[in-house]
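*Asks:* below are the sequence and a predicted model; questions follow.
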Amino acid sequence: MNNVISINSSHLGSQDGSDDGTPLHSGGGGGTSDDMSIVDAKIAAAEARTDTKFVQVLSRLDNLDSDIARNTRGIIPTIILTGISVVALVVAVFAWGNGMFSTGMSAQSIADQAARGVEQRLSTELQASAQRYDVLEQRLDTMSAENSANWDRILEALSQSDNESDPSRPQSP
């Protein structure tokens, strides 16, 4: 995009468009056409300088556009790779979460199996303890009955011996 403006500089005082050193006449309002042509030439020179600077700025902008295009060529692959990386990260997080969930489920099943094993062992021990308790309870009942019978015999023997030693006492039925 090179915009070049050609300027006819034949009427200018110098080739580069600078001032030729002729002062402008002021005052009186009576300028000649020669004076007006000098003013016109100076205005044209100023326009030429402005146009030249404008062309330089436009060429710099063109260069800037090409520099930007050249420098941004690597941005598109970077954006694509960043997107792929984000997708891969999301997939990895989901896979890790699934693995952790599976591990949790496995740990739960292991804990359930261990709890069932403990429950069965305790159930067996509890049944054995209940049987021992029943045997001990029967023994206690037997001993209590024997003890009660022994006490009854002892009391009866004592009461007979008391009756034999004291005849004045009435006998209990």
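*Replies:* Cool, got the structure. Just so it is clear, the structure is predicted and the values come from calculations on it, not from any experiment. Residues are numbered from 1 along each chain as shown.

*Asks:* hey, where'd the helices end up in this structure?
*Replies:* Remark: helices assigned in the chain by DSSP state H are 33-71, 75-165.

*Asks:* just send those helices back as a markdown table, with mean neighbour count too.
*Replies:* C-betas here are computed from N, CA, C, even on glycine. Compiled in a markdown table, the helices of the chain are given as follows (neighbours: other Cβ atoms under 10 Å):
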| stretch | mean neighbour count |
| --- | --- |
| helix 33-71 | 13 |
| helix 75-165 | 10 |
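
*Asks:* could those go into JSON lines alongside mean pLDDT?
*Replies:* Output for the helices of the chain, formatted as JSON lines (pLDDT from 0 to 100):
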{"stretch": "helix 33-71", "mean pLDDT": "86"}
{"stretch": "helix 75-165", "mean pLDDT": "86"}
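
*Asks:* could you measure from residue 86 over to residue 75?
*Replies:* Look at residue 86 and residue 75: by Cβ to Cβ, to the nearest Å, they are 16 Å apart.

*Asks:* and the most centrally placed residue in the chain, how close does it get to residue 81?
*Replies:* Compute the mean C-alpha point of the chain, and by Cα atoms, centre = their mean the closest residue is residue 93, 9.9 Å away. Going from residue 93 to residue 81 by Cβ to Cβ gives 19 Å.

*Asks:* over to residue 116?
*Replies:* Going from residue 116 to residue 81 by Cβ to Cβ gives 52 Å.

*Asks:* again, but for residue 89
*Replies:* 12 Å.

*Asks:* same check, this time on residue 103
*Replies:* Using Cβ to Cβ, one gets 32 Å for the distance from residue 103 to residue 81.

*Asks:* please apply the same query to residue 163.
*Replies:* Distance from residue 163 to residue 81, by Cβ to Cβ: 118 Å.

*Asks:* same thing with residue 146?
*Replies:* In this view, residue 146 and residue 81 are 95 Å apart by Cβ to Cβ.

*Asks:* before we move on, what about residue 97?
*Replies:* 24 Å.

*Asks:* same check, this time on residue 87
*Replies:* 11 Å.

*Asks:* per-residue confidence at residue 169?
*Replies:* Looking at residue 169, its pLDDT is 57.

*Asks:* got it, and residue 2?
*Replies:* 49.

*Asks:* ok, the one 3 residues further on next?
*Replies:* Per-residue confidence (pLDDT) for residue 5: 51.

*Asks:* got it, and the one 3 residues further on?
*Replies:* Confidence per residue is given as pLDDT, and for residue 8 that number is 49.

*Asks:* just give me how far stretch 135-143 sits from the chain centre.
*Replies:* Chain-centre distance of stretch 135-143: 69 Å, with Cα atoms, centre = their mean, to the nearest Å.

*Asks:* now stretch 131-145
*Replies:* 67 Å.
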